[in-house]
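*Asks:* Give me a 3D structure for the following:
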Amino acid sequence: MNHRNIIYIIIYMFILSFSIGCKTTTELTEEQKMIKKNAEQFQQEILSNAIKDNIIALSDLTPFDWDKVFFFGCYERPEYIYDKVGYEWDTIRQGVTEGTMQIVFLNDKKVVCYVFGRAYDDLPFEIVSEKEELTAFDSPKFIVKNSTIIDKSYPYLLLVEQVRDRFQH
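*Replies:* All right, here's what the predicted structure looks like:
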């Protein structure tokens, strides 16, 4: 074997080992796949069932089991979110623009759904809750409104308690 072939083999082995290493770091764990699937189903349920001026239970939009949900503001630090949730389940990032939503659903103290994105940009809806934490036992309900942005209508869900509070004052 000549010197040139040995160099090609070494380069090939390096590229192969690098690509195998990269492949394993980008593969999702079973938990991450489940969280991602639940987030996609949650978004689809909102788009399918959010009818303007109707009141809808959050449980009607979640085709997965959950017992607690957190709504975090756009500038919340990941450390704060992990502390409230109780553990680091994934690498999450801090929102950097107004309107970024971070919604975390838990079931038996484990994350089952995580939604991150900017309303009407990354996500085709907006959910507003002045309460950071709600439980399934609370049976939270939202009134559905529409927001029109650049001639396109998007669901806007507002926690019903907030609607009552606004009209009582």
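
*Asks:* Quickly list what the spatially most central residue of the chain is bridged to.
*Replies:* In the chain, the residue lying closest to the centroid (CA atoms, centre = their mean) is residue 115, at 0.8 Å. Taking DSSP bridges as the rule, residue 115 bridges to residue 103.

*Asks:* so how far is residue 60 from it?
*Replies:* For residue 115, the distance to residue 60 equals 16 Å [CB to CB, to the nearest Å]. Where you see a C-beta, it was placed from the backbone N, CA and C, and this is true even at glycine.

*Asks:* Look up the pLDDT of the residue nearest to the centre of the chain for me, please.
*Replies:* Note on residue 115: pLDDT of 93.

*Asks:* list the contacts for it?
*Replies:* 39, 42, 43, 101, 102, 103, 104, 123 (CB atoms under 8 Å, 6 or more residues apart in numbering).

*Asks:* So among the residues you listed, where is pLDDT lowest?
*Replies:* Comparing the contacts of residue 115 by pLDDT, residue 123 comes last, at 84.

*Asks:* Identify all contacting residues around stretch 73-83.
*Replies:* Residues contacting stretch 73-83 (CB under 8 Å, 6+ apart): 70, 72, 88, 92-102, 104.

*Asks:* Please save the CA atoms from that stretch in CSV.
*Replies:* Extracted in CSV, the C-alpha atoms of stretch 73-83 (Å, rounded to 0.1, in the frame of the first residue of the first chain):
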residue,chain,number,x,y,z
GLY,A,73,-43.5,34.8,28.8
CYS,A,74,-41.3,35.7,25.8
TYR,A,75,-38.2,36.6,27.7
GLU,A,76,-38.2,33.8,30.4
ARG,A,77,-34.7,32.3,30.9
PRO,A,78,-34.4,28.5,30.4
GLU,A,79,-33.1,28.2,34.0
TYR,A,80,-36.3,29.7,35.3
ILE,A,81,-38.5,27.3,33.2
TYR,A,82,-36.5,24.3,34.2
ASP,A,83,-36.9,25.3,37.9
